[in-house]
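In: With the input below, show me the fold.
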Amino acid sequence: MEDTLNFKDIFKKSMLELDAFKNVSWVEIFWGLLISFVLGMFIYFVYQRCFRGVVYSHNYNVSFVLMTLITTLIIMTISTNIVLSLGMVGALSIVRFRTAVKDPLDIVYMFWAISVGIATGAKLYPIAIFGSLFIALVIFLLSRRKVKTAPFLLILHYEEALADEAIKTALRKMKFTLKSKTIRKQMTELTVELRINADNTAFVQAISEIPGVADVALVSYNGDYAP
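Out: A predicted model of the protein is given here:
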């Protein structure tokens, strides 16, 4: 019985005092947080410079910096003690993030910030630095790529009896996708998706001059649509 207890004590002591779980020095904490902050600000400026969405959110961009720092602290904490690591995993498992992310590219920046925090917290500084530089280069190259045609939403309000055939004839000249059609008494609201050059909008004036058309709106379309 005594031998069993000694074995358990030795096993427990060996698990808790492994070199990988010793306390991190103040110098390592300082450099880890400093590098994490610098790389977080680097992500901040890349996101601000390459943002191509509809509405830029400063608070969402700031969250990348904080996410990088917080992830670094978590990895540093986990690496100091196996008991703390198990407790941290249990605590984080109950956290649920329900923030709606409209642009898929925003998720990429989020994973970038988390990855940098993990690498920095694990003291893999070259991976964090050169990996961030390479990712930023790829983002800059892709964001600079010019697209020949851009998506737009064409929204029409017209009288069905007077303008329906003329509008169909005008739309057949362009590639379009029907998004919605709503009829309210004699008035019809039609929404279609078009892919056109940004400077090729003369057809809007031509459609607006069709008898029975009340108004025409051409809106830049980023892919999010709720009918």
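In: So for the spatially most central residue of the chain, what's the pLDDT?
Out: Centroid check for the chain by C-alpha atoms, centre = their mean gives D106 as the closest residue, at 0.9 Å. At D106, the pLDDT value in this model is 83.
In: For the chain, which segments count as helices?
Out: 2-16, 26-50, 58-80, 82-92, 104-121, 125-144, 160-172, 202-208 (DSSP state H).
In: who wins for proximity to L190 among those helices?
Out: Closest approach to L190 among those is made by helix 160-172 (7.1 Å; C-beta to C-beta). Yep, even glycine has a C-beta here, placed from its N, CA and C like the rest.
In: Can you pull out the low-pLDDT segments for the protein?
Out: 1-24, 53-54, 80-102, 145-150, 197-199, 221-227 (pLDDT under 70).
In: Could you export the helices of the chain to JSON lines, including columns for distance to R195?
Out: Output for the helices of the chain, formatted as JSON lines (distance: least, C-beta to C-beta, whole Å):
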{"stretch": "helix 2-16", "distance to R195": "61"}
{"stretch": "helix 26-50", "distance to R195": "23"}
{"stretch": "helix 58-80", "distance to R195": "28"}
{"stretch": "helix 82-92", "distance to R195": "43"}
{"stretch": "helix 104-121", "distance to R195": "19"}
{"stretch": "helix 125-144", "distance to R195": "19"}
{"stretch": "helix 160-172", "distance to R195": "13"}
{"stretch": "helix 202-208", "distance to R195": "13"}
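In: Which of those helices sits closest to E189?
Out: Nearest of the helices of the chain to E189, taken as C-beta to C-beta: helix 160-172 at 10.5 Å.
In: buried residues in that closest one?
Out: E160, A163, A166, I167, A170, L171 (16 or more other C-beta atoms under 10 Å).
In: and that helix, what other elements does it pack with?
Out: strand 150-159, strand 187-196, helix 202-208 (3 or more C-beta pairs under 8 Å, 6 or more residues apart in numbering; DSSP states H and E).
In: List the contacts of the first one.
Out: Okay, so that is strand 150-159. 164, 167, 176, 179, 186-198, 204, 207, 210, 212-223, 225 (C-beta atoms under 8 Å, 6 or more residues apart in numbering).
In: picking that back up, would you format the helices and strands packed on helix 160-172 as CSV with distance to R144 and mean neighbour count included?
Out: Below are the helices and strands packed on helix 160-172 laid out as CSV (distance: least, C-beta to C-beta, whole Å; neighbours: other C-beta atoms under 10 Å):
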stretch, distance to R144, mean neighbour count
strand 150-159, 15, 18
strand 187-196, 20, 17
helix 202-208, 28, 13
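In: Is it possible to get TSV of the ones you listed that adds distance to S63?
Out: Listed next are these as TSV, based on distance: least, C-beta to C-beta, whole Å:
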stretch	distance to S63
strand 150-159	28
strand 187-196	32
helix 202-208	39
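In: for those, which one sits closest to S79?
Out: Closest to S79 of these, according to C-beta to C-beta: strand 150-159, at 46.6 Å.
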